[in-house]
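[1] here you go, sequence then predicted model.
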Amino acid sequence: TQLLEQSPQFLSIQEGENLTVYCNSSSVFSSLQWYRQEPGEGPVLLVTVVTGGEVKKLKRLTFQFGDARKDSSLHITAAQPGDTGLYLCAVLSGGYNKLIFGAGTRLAVHP
Amino acid sequence: AAGVIQSPRHLIKEKRETATLKCYPIPRHDTVYWYQQGPGQDPQFLISFYEKMQSDKGSIPDRFSAQQFSDYHSELNMSSLELGDSALYFCASSPRAGAYEQYFGPGTRLTVT
């Protein structure tokens, strides 16, 4: 079983639409990260959230950490084709902070 | 800004051969992580190094070994390759052990035939 459950697995939308993807767990975390990965490339860190209820904005992307620090969401406003990619949530584990990833949401934004 | 460098970018090997993957972290980063990402899967942690010492170990087969050198670059050595080892192998570096940020390289795509 996956520590982090991401939904939906796949999302195909038209340019200009809004969307929300989710990352859920039954465990409590001190922090949670979101990465974006393009095919054949390494994941790129988008944001780290550390406080329950925290909301962070990165241009058209809004990240929220749940009050209980068990879940997170990523909302994209007015999606663009450049937003296409695999969105991974991840948590740090162990004293040296290895990353544990969710299975990801594959987003395709069509012009 | 300098990023993590991995070489080679692509590698094709036959079963039972050996492979060596190299990772050059961002300058002044002392922590290196290796991850394996199979087709359609999320990255899985293999092993990490802090100040040239192994700091953590994940689901890394005994056929694999790794080390971090005095210049902080790291190498992942893979022997007796199997078809199932075909994957993307990412290296990530961090400015210090325990830091939130990990910066990923572009990966090495290993194909075992």
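    Received it, and whenever you're ready, just let me know what you need.
[2] so which elements touch whichever strand or helix holds B:Ile47?
    Using DSSP states H and E, B:Ile47 maps to strand B:44-50. Judged by 3 or more CB pairs under 8 Å, 6 or more residues apart in numbering or on different chains; DSSP states H and E, strand B:44-50 is in contact with strand A:98-101, strand B:31-37, strand B:53-57, strand B:64-68, strand B:74-78. Using the backbone N, CA and C atoms, a C-beta is placed for each residue, glycine as well.
[3] and residue 9, what is it in contact with?
    I went with chain A, as the question did not name one. A:Ala103, A:Gly104, A:Thr105, A:Arg106 (CB atoms under 8 Å, 6 or more residues apart in numbering or on different chains).
[4] not what I meant, chain B
    Counting by CB under 8 Å, 6+ apart, B:Arg9 touches B:Pro106, B:Gly107, B:Thr108, B:Arg109.
[5] what residues sit buried inside stretch B:82-94?
    Neighbour-count burial for stretch B:82-94 flags B:Asp85, B:Ser86, B:Ala87, B:Leu88, B:Tyr89, B:Phe90, B:Cys91, B:Ala92, B:Ser93, B:Ser94 (criterion: 16 or more other CB atoms under 10 Å in any protein chain shown).
[6] got a winner among the contacts of B:Arg9 for most neighbours?
    Most neighbours among the contacts of B:Arg9, by other CB atoms under 10 Å in any protein chain shown: B:Gly107, with 24 neighbours.
[7] for that residue, phi and psi?
    For B:Gly107, the backbone dihedrals (degrees, to the nearest 10) come out as phi 90, psi 160.
[8] wait, it sits on A:Glu38?
    No: when contacts are counted by CB atoms under 8 Å, B:Gly107 is not listed as touching A:Glu38 (11.0 Å).
[9] re earlier: what sits up against the strand holding B:Ile47?
    With CB under 8 Å, 6+ apart, strand B:44-50 has contacts from A:96, A:98-101, B:30-38, B:54-60, B:64, B:66-68, B:74, B:76, B:97.
[10] now the residue of chain A positioned farthest from its centre, what's its secondary structure?
    Distance from the C-alpha centroid of chain A peaks at A:Gly95, with 23.0 Å (CA atoms, centre = their mean). Assigned with DSSP: H, G, I helix; E, B strand; the rest coil, A:Gly95 falls in the coil class.
[11] next one: phi and psi at it?
    Here is the backbone geometry of A:Gly95 (degrees, to the nearest 10): phi -60, psi -30.
[12] coming back round to it: can I get the helices and strands packed on strand B:44-50 in a markdown table with mean pLDDT?
    Shown next, in a markdown table, are the helices and strands packed on strand B:44-50 (pLDDT from 0 to 100):
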| stretch | mean pLDDT |
| --- | --- |
| strand A:98-101 | 92 |
| strand B:31-37 | 95 |
| strand B:53-57 | 90 |
| strand B:64-68 | 96 |
| strand B:74-78 | 97 |
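[13] looking at chain B, what residue ends up closest to chain A?
    B:Phe104 (3.1 Å; CB to the nearest CB).
[14] residue numbers of chain B in contact with chain A?
    For chain B, the contact set with chain A under CB under 8 Å from any CB of the partner chain comprises B:4, B:31, B:33, B:35, B:41-45, B:48, B:50, B:55-56, B:58, B:88, B:90, B:92, B:94, B:97-107, B:109.
[15] and if we set it to 6 Å?
    For chain B, the residues in contact with chain A (CB under 6 Å from any CB of the partner chain) are B:42-43, B:45, B:48, B:50, B:55-56, B:90, B:97-98, B:100, B:104-107.
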